[in-house]
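Chemist: quick one: sequence plus predicted model below, questions after.
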Amino acid sequence: MTSGILCSSIMAVALAFGIEGYTSTQAFAASASPTALRFQAMQGGASPASQSVTVSKQNRKTTNWTASDSASWVSVSPATGSITNTSQITVSVNTAGLAAGTYSATVAFTMSQGGSVSIPVSLTVAPSTTANSPGTSTPTTTTTTTTTTTPTTTTSSGTTTSTTNTSSGTTTTPTAALPQITNLTNNTASGLTVTCANQPASIRYQTDLSSTIIAVACNPTYSLVRTWKSGETFICVYARNAAGVENTADADYRCVPAPTTPTSGTSTTASLSWSAPTNSTGVAGYNVYVGTAPGLYGPPTNVGNVTSYVVNNLVIGNTYYFAVTDYNSSGVESPPSNEVYKVVY
C-alpha cells in the first residue's frame, strides 16, 4: 500500500510540472503595435515628437518588465513596469548634435518570466537649409500652366573633411566623396537616365505619389525605365554609398518635373496656387520666389496670407522657375516648396 501511494504522488507532481512548463512557453509571447518606428527631423532643428508603442501578451497573468534601447539618441519611458494584458511605452529621439543621415536602433521590451519583443527604430536627419516656421510644414506649389522642357544642371561633388587639432597644429584629412547624381536626362513618359559619380552602391528614386529603393550599382549610368503615373509632378533621385549614407548635398540635381506637352499662346503671366501646411496656426504669410534658372531666384515677393498668386510681366521665350515659402509672425521662414516652372510662349 505504501508503495502505491508514493508512486501516485510522484506521477501527480510530474503531471503538474508538465502543465506549468506548457503555460510559461505560450502565455508570455509578446507582440508590439506598431511593429516599427520611424522619425524624421532637420539637422539643427527640434527633435521630432515622441511615439507610443503598445505591448500585448496572450494571458492575463501579471508579470514585471523592463525596456531598453541600443543607441544614445533613443530613450524609452518608463524603463520598468508590470503588465497584465497590455502595457504602453513611449519612445523618444534626441537629434541634438546629429549630422544629416539615416540612423538605426532597437528598443527591447523584456518580461521577467520569459517573453520579449524588439521594435526597430529609424531616424532620418535632413540637412538644414533655413529655419522652419514653428508648427508648419513646407507648402506644396502647383501651377495651372503647362511645361515643355526639363532643366538640367550640374553640381559639385559632395566631399566632406574632418579636422583634427594636434600639438603641432591643425591637419585636415579628406574623407571619401559621397556618391553623386550628376545629371538627369531623357525625361520621357517611359523613362529617365541617371548619370552618377563616385560609385554609388544604390539609387533611391521618389515621386510625390510613391517611393522605391533600387539597390543597383551606377557604373556610371543607370536608366530608370518607369512609366510616369497619372498625377505625379516630379521625380527625385538620390545616391547612397555602401554604408547606406545618402548624398543630400547636391539637391539641385536630384529632381526633375514630369514631361508635359506645351500649349500654344502668348501669355506673359503664370498662375500659382499651393496648399497651406496641415498645421497652419503659426503661418503669417507666404513669399513667392521667381528665377530664370533652377534653384536661383531673385528677391521674394511677399503676397500675404493667401494660397494663390499671379506672376505678371514674364518675357516671351524665357523659362521661369517658381517656389513658395511660408513665414511666421517673427519672420522665420520655412524651406522652399517643390520647384515648378513654365516656358513662356
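Modeler: Noted; the coordinates are in hand.
Chemist: every contact and neighbour count from this point should use C-alpha atoms.
Modeler: Fine.
Chemist: looking at it, Ala242 is touching Pro200, isn't it?
Modeler: Yes - using CA atoms under 8 Å, Ala242 makes contact with Pro200 at a distance of 7.3 Å.
Chemist: who does Gln180 bridge with?
Modeler: Ala197 (DSSP bridges).
Chemist: Thr307 versus that one, what's the distance?
Modeler: With distances taken as CA to CA, to the nearest Å, Gln180 is found 35 Å from Thr307.
Chemist: now Ala99
Modeler: For Ala99 relative to Thr307 (CA to CA), the value is 34 Å.
Chemist: Ala201 too?
Modeler: Note on Ala201: its distance to Thr307, by CA to CA, is 41 Å.
Chemist: count the neighbours of the closest residue to Thr207 other than its chain neighbours for me.
Modeler: Excluding the flanking residues, the one nearest Thr207 by CA to CA, 6 or more residues apart in numbering is Ile235, at 4.4 Å. Other residues lying near Ile235 total 19 when counted by other CA atoms under 10 Å.
Chemist: quick one, what contacts Ile235?
Modeler: By CA atoms under 8 Å, 6 or more residues apart in numbering, the contact set of Ile235 is Tyr205, Gln206, Thr207, Asp208, Cys255, Val256, Pro257, Ala258.
Chemist: all strands of the stretch 201-345 of the chain, in order?
Modeler: Remark: strands assigned in the stretch 201-345 of the chain by DSSP state E, counting those that start in this stretch are 202-207, 211-214, 221-224, 234-240, 255-257, 270-275, 285-291, 301-304, 308-311, 319-327, 340-343.
Chemist: wait, which of these is closest to Phe109?
Modeler: Among those, the nearest to Phe109 by CA to CA is strand 211-214 (30.1 Å).
Chemist: got any ranges where the stretch 1-150 of the chain has weak pLDDT?
Modeler: 1-28, 128-150 (pLDDT under 70).
Chemist: swap the cut-off to 80 and go again
Modeler: Counting by pLDDT under 80, the stretch 1-150 of the chain has low-confidence residues at 1-29, 42, 44, 58-60, 85, 113-115, 127-150.
Chemist: would you map the strands across it?
Modeler: Under DSSP E, counting those that start in this stretch, the stretch 1-150 of the chain gives strands at 30-33, 37-42, 51-57, 63-69, 74-77, 80-83, 86-93, 101-111, 116-126, 140-143.
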